[in-house]
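Novice: Here is a sequence together with a model predicted from it:
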Amino acid sequence: MCYKSFIRKLNVINMKEDLQKYVIELRVFASNNKFEKAVTELIEETIRKAETIDDKKSLVDLYELKISQIEHLHDSYDQILQLLLLMRELSLEIDYKEGLALSYNVEWYIEKFKGNKAKSKNAIDLSIITLVNHKEYDNYSYVTCYYSYAVELWLEENNPQSASILEECVDFFYKEGFYRSLVQSLAVLFVIYQETQNKKGALKVTQKLLSNKIPFDNLPRDIQAISYYFVGLSHKLQLNLSLAEKYLEKARRILKETLEKNIYSFYYIPVLTHLSTVLALQGKIEQALELIKTAEILLQGKIFSNYSDPISRRQINHSFNLVNFYIKSRIHESTCDEIIDLIDNIYTDCKINYSNAIILTEFLLNANLNYEQLKELKSTNNASLERVRHIIIFLIAKEKGKDKADEEQNYLDRIEVLRERFKINKMTFIEKAYADLLIAQQLFSLKQFAEIYVILKKYKKQINRIEVLELRIFMEGFIQVGAYKSGDPLGPALQYMAIKKCRQYGFSRLENTLLNYLDMQRKEIYQF
């Protein structure tokens, strides 16, 4: 139904039962055409009709619907709070439990937007308790509140239980035609599956998200962009960098068209940040730098301040700082002393924010954090830090080893830390490759050359799966270190090929590292 059809139908409604059925249809229409002026006017016209026929139940539902159209706007807080109060009062007056639950759900969003974690958690808990105690609730209220509960579980606890809740939500949104909500639910579900290494679940969601069953091309351009953004972000989490670049670039182009025209303009900044990370990891440093410069300007503008909540702003700033550190450490000969403020900010924020595993690992290995700082990170309860805890413990062991006489045992201790990690946590292919390279470096220092090739040879035929360019070049070079020490005379020549690639892409630090290993090999030869 179009806008004019809704108006014609509304004009002839005089009964509460008819209006309540009409509101159910209006919910779907408003959800799929969110933030359009005509839709807001239609909701307001329906509110006047509900007031005329004294339909308080419909009024509660319409207040919730109106809030969903304006909830992102900073200058609408007073209006939102007034509508929330009316929802709460009317729900209590007519004993409308679903309406009361929805009012707590709105409160959850408001407090989450303001950065009040405790209040938002309390609100969503009250929402669910209200529904559970009522036991007879409509599907819309149930799914709306449980969707928020699932998001809360994931954002605050990284609890994989949220996935099963979201799967229920997806089924409802698809069946009832809430395509905007369906796409957003699938996108969040995709991120959860990727983060928890549920590859089958992630593939299933991707197929559903981009399938012909959803009228994707007919969806509003902004929600298409957000879909591409989340798919791209999910591939980034899995370090499928070429696919991540493809979808993030699609999102960037659409959002650039509508910059400053709707609330989703806010997503343009994280898209730039994530895309710059993907490009940098692929060795496209200059392109990444251009995007970072654009993002840095936008971070100071009204899009960032007006359309984002404190938690999102903090997360985006952290992601920006991480990739900024990565790029600066590659494209400039910057010392840690020259970017100390940036390092301090990242160190503080990585304790409470999400961090890309590889970028965070690069930061830890290259920021020259001291022993006390590393100990604090080790004891911090954060999902991203937990993912790289083996790197933190490895660095702690390295720091401890500086004061110990038994150098061989120090290297063996570090190797044990890295090997144990494989047994206790799921890791991506690239994370395993990274850990194996660190083990190989320790083995080189121990002169256990034969073991190096044993560890790294499995990557020889899978080298193209390592889309992080610098890591791939390092792996290529170090495989040849092990191969040479295992009897391959072409080892040094192939190492020089890796060094040549470093020069081609401007990886000066890696070039120096590989040259040092070649020099150590030369000295080893001349000792005999």
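Specialist: That came through fine. Numbering: from 1, shown residues only.
Novice: Report all helices and strands that the longest helix that the chain contains contacts.
Specialist: Determined from DSSP state H, the single longest helix within the chain is helix 310-331. Helices and strands touching helix 310-331, by 3 or more C-beta pairs under 8 Å, 6 or more residues apart in numbering; DSSP states H and E, are helix 268-281, helix 285-298, helix 302-306, helix 340-349, helix 357-366, helix 508-526. Quick note: C-beta positions are derived from backbone N, CA and C, even for glycine.
Novice: Output those as TSV; include the columns mean neighbour count, mean pLDDT and distance to R48.
Specialist: What follows is those, written out as TSV (neighbours: other C-beta atoms under 10 Å; pLDDT from 0 to 100; distance: least, C-beta to C-beta, whole Å):
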stretch	mean neighbour count	mean pLDDT	distance to R48
helix 268-281	27	90	37
helix 285-298	18	90	40
helix 302-306	15	70	30
helix 340-349	16	93	48
helix 357-366	20	90	53
helix 508-526	14	66	67
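Novice: Now these in a markdown table, please, with extra columns for distance to S68.
Specialist: A markdown table is the format used below for those (distance: least, C-beta to C-beta, whole Å):
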| stretch | distance to S68 |
| --- | --- |
| helix 268-281 | 22 |
| helix 285-298 | 26 |
| helix 302-306 | 18 |
| helix 340-349 | 31 |
| helix 357-366 | 35 |
| helix 508-526 | 50 |
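Novice: Figure out which of those helices is closest to Y77.
Specialist: Closest approach to Y77 among the helices and strands packed on helix 310-331 is made by helix 302-306 (12.0 Å; C-beta to C-beta).
Novice: thinking again about what came up before, pull out the buried residues from the longest helix of the chain.
Specialist: 311-313, 315-330 (16 or more other C-beta atoms under 10 Å).
Novice: what do you get for stretch 375-393?
Specialist: Neighbour counts using 16+ other C-beta under 10 Å place L377, N382, S384, L385, R387, V388, R389, H390, I391, I392, I393 of stretch 375-393 among the buried residues.
Novice: same thing with stretch 239-257?
Specialist: By 16+ other C-beta under 10 Å, the buried positions in stretch 239-257 come out as 239-241, 243-245, 247-252, 254-255.
Novice: what's in contact with it?
Specialist: With C-beta atoms under 8 Å, 6 or more residues apart in numbering as the contact definition, stretch 239-257 has outside contacts at 221-222, 224-226, 228-229, 231-233, 235-236, 264-265, 267-268, 271-272, 274-275, 278-279, 281-282, 358, 428-430, 467-468.
Novice: Return a ChimeraX selection command for the buried portion of the residues you listed.
Specialist: Burial among the contacts of stretch 239-257 is assessed by 16+ other C-beta under 10 Å; the matching ChimeraX selection reads:
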select :222,224,225,226,228,229,231,232,233,235,236,264,265,267,268,271,272,274,275,278,279,281,282,358,428,430,467,468
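Novice: Run through the residues that contact L342.
Specialist: Applying C-beta under 8 Å, 6+ apart to L342 gives the contacts N321, N324, F325, K328.
Novice: Not counting sequence-adjacent ones, nearest residue to the residue most central in space within the chain?
Specialist: Against the mean C-alpha coordinate of the chain, by C-alpha atoms, centre = their mean, the closest residue is L233 at 5.9 Å. What sits nearest to L233 in space, not counting adjacent residues and going by C-beta to C-beta, 6 or more residues apart in numbering, is H274, at 5.9 Å.
Novice: now the one you found: how far from L322?
Specialist: Separation of H274 from L322 (C-beta to C-beta, to the nearest Å): 11 Å.
Novice: Also I13?
Specialist: 54 Å.
Novice: quick one: low-confidence parts of the stretch 351-500 of the chain?
Specialist: 403-405, 422-426, 482-496 (pLDDT under 70).
Novice: same thing but at 80, please
Specialist: 401-407, 422-428, 449-450, 477-478, 480-500 (pLDDT under 80).
Novice: Spell out the residue ranges of the helices in it.
Specialist: Assigned by DSSP state H, counting those that start in this stretch, the helices in the stretch 351-500 of the chain fall at 357-366, 371-378, 383-387, 389-401, 407-424, 429-445, 449-456, 469-485, 491-505.
Novice: returning to what we had before: for the buried residues of stretch 375-393, give me a markdown table that also has distance to L90.
Specialist: Below are the buried residues of stretch 375-393 laid out as a markdown table (distance: C-beta to C-beta, whole Å):
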| residue | distance to L90 |
| --- | --- |
| L377 | 49 |
| N382 | 42 |
| S384 | 43 |
| L385 | 46 |
| R387 | 46 |
| V388 | 50 |
| R389 | 50 |
| H390 | 55 |
| I391 | 54 |
| I392 | 53 |
| I393 | 56 |
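Novice: Report the contact partners of the nearest residue to L385 once chain neighbours are set aside.
Specialist: In space, L385 comes closest to L377 once its chain neighbours are excluded; the distance is 5.8 Å by C-beta to C-beta, 6+ apart. Counting by C-beta under 8 Å, 6+ apart, L377 makes contact with Y347, C350, K351, L364, L369, L385, I392.
Novice: Now render those residues as a markdown table, adding distance to K175.
Specialist: A markdown table is the format used below for the contacts of L377 (distance: C-beta to C-beta, whole Å):
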| residue | distance to K175 |
| --- | --- |
| Y347 | 47 |
| C350 | 41 |
| K351 | 42 |
| L364 | 46 |
| L369 | 51 |
| L385 | 40 |
| I392 | 46 |
